[in-house]
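> Here's my sequence, what's the structure:
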Amino acid sequence: ISPAKQKPASLSIKLICTPVPHDWSVRASRQVEIDGVGMVCLETGLRLKSEWEGICEIQTAAFDRKPTSIDVEAPGENFELLAKALDHPGVSVVGSAPWVEPSRKKAYKNVAEILALSKAGNLHAPR
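This next block holds a predicted model:
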């Protein structure tokens, strides 16, 4: 069966379960976005992480792709939602999109906020 005709779930199972030589590595990456949908994607990602435990390692990243602050002084609703997502056990990475901020000053603030969250929660922050 060609990959185009297989169901997405069967493709992921095939990728995860197909043996590879010991010196190869296979990596797939998806962020769990929390903006606009609340914790639905995060909770689903953490459930899948639990279901695949022992078969493969899944690293869960909470990611916000929208501006995180209302103004330069105070974090906004998106930042608060992202911080709340990090309270879920199993989240090991935090990320954001500073390039979507409306000004350079807010973009720098975004980076500082994400790095502070990362440090406080002992989490990875992708480069």
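> Go through the chain and flag its longest helix.
helix 104-121 (DSSP state H).
> For that helix, name the packing helices and strands.
helix 77-85, strand 91-96 (3 or more CB pairs under 8 Å, 6 or more residues apart in numbering; DSSP states H and E). No exception for glycine: its C-beta is placed from N, CA and C like everyone else's.
> pLDDT of the last one, averaged?
Meaning strand 91-96. Averaging pLDDT along strand 91-96 gives 87.
> Could you do stretch 115-126 as well?
Rounded mean pLDDT across stretch 115-126 is 82.
> Now that stretch: buried residues?
Within stretch 115-126, the residues that qualify as buried are Leu117, Ser118, Gly121, Leu123, Ala125, counting by 16 or more other CB atoms under 10 Å.
> quick one: low-confidence ranges for the chain?
1-33, 35-36, 70-74, 126-127 (pLDDT under 70).
> at 50 instead, please
By pLDDT under 50, the low-scoring segments of the chain are 1-4, 6.
> Looking at the buried residues of stretch 115-126, which is nearest Gly95?
The closest of the buried residues of stretch 115-126 to Gly95 turns out to be Ala125 (CB to CB; 6.5 Å).
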